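Participant: sequence plus predicted model, see below.
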Amino acid sequence: MTPFLRSSAALACAGLLLLPAAAVAYRPAPPQPLVEMEIVDRDRSQPLPAWPHRGEYWIAGRPGTPYAVRLRNTTGERVLVVLSIDGVNAVSGETASPDQTGYVLAPWQRTEITGWRKSNDDVARFEFTALPGSYAARTGRPDHVGAIGIAVFRERAAPVAVAAPPPAGDTVRPSARASGDRADASRARESAALPQQIGTGHGAREWAPVTRTAFERATRVPAQRTVLRYDSVDALAALGIGPRVHAQRRRPDAFPGGFVPDP
């Protein structure tokens, strides 16, 4: 057993439309992730939209904005979530790999990780910053700046009973932590792309208590790997990512007025 840390859903009902067998081809539904992840702009208390592009999902960050990684365990069992920010383990500060520490989420637990873990009591908050000011760059590891990833592991011990999901809107308070994996941000960027513009800084300290717990992984490899790419608004626009906002060009009118005024 390895000591870990624990940190602090609703079921959606879908209608079924029956069609003649010849009218629609069967397509299996994509599997539900064990843990859902989204990035939250803490200034606005809103999730940042994720834009699909060439098999990856991208979010746009603005320098100076603090953010949180929101996690939701979609299962009735405990899971271990290893969080990598820019290729760095957000708990230990090591270059992220599968055998390191992370967070244990209780059944159906939902929490927000707001910073780099400094102790059992506090973190240095995550905030978007110019790339040279990122924690990874300042510690000599700039190669994977621009990726936020999680590696999720099931627990080896079979639970006696699967916990029922909490009522919609319920949130479980933070409690404890766990182990590691690498977010791979090494894919080649398009020739039209700008160099990476922003990273994640080591911001102000804030209170974020956790406790330690034990967790034995069911497998050596994660059951789920999820990676979000991020960069500045301008960098994403150069890749053609994000909403298309076109300024309306002024249209001259050949007959805008009446008689000729004095100049």
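Facilitator: All right, it came through fine. Small disclaimer: the values here were computed from a predicted structure and weren't measured.
Participant: what segments of the protein are helices?
Facilitator: In the chain, helices defined by DSSP state H lie at 135-138, 233-238, listed in chain order.
Participant: could you tell me the least trusted of these?
Facilitator: Lowest mean pLDDT within these: helix 233-238, at a mean of 92.
Participant: which residues sit against it?
Facilitator: 51, 58, 60, 62, 192, 193, 194, 196, 197, 198, 242 (C-beta atoms under 8 Å, 6 or more residues apart in numbering). The C-beta positions use only the backbone N, C-alpha and C, and glycine is treated the same way.
Participant: so which of these belong to strands?
Facilitator: 51, 58, 60, 198 (DSSP state E).
Participant: ok, and the closest non-adjacent residue to residue 197?
Facilitator: residue 232 (3.8 Å; C-beta to C-beta, 6 or more residues apart in numbering).
Participant: what bridges to that neighbour?
Facilitator: residue 61 (DSSP bridges).
Participant: that one: what's it in contact with?
Facilitator: So residue 232 contacts 60, 61, 62, 63, 197, 198 (C-beta under 8 Å, 6+ apart).
Participant: pretty sure residue 42 is touching residue 114, no?
Facilitator: Yes: taking C-beta atoms under 8 Å as the definition, residue 42 is a contact partner of residue 114 at 7.3 Å.
Participant: higher neighbour count, those two?
Facilitator: Relative neighbour count places residue 114 above the other of residue 42 and residue 114, with 22 against 16, counting by other C-beta atoms under 10 Å.
Participant: hmm, back to that, of the contacts of helix 233-238 - the most surrounded one?
Facilitator: Going by other C-beta under 10 Å, residue 198 tops those with 25 neighbours.
Participant: can you pull the contacts of that one?
Facilitator: Contacts of residue 198 (C-beta under 8 Å, 6+ apart): 61, 63, 128, 129, 130, 131, 134, 146, 230, 231, 232, 235.
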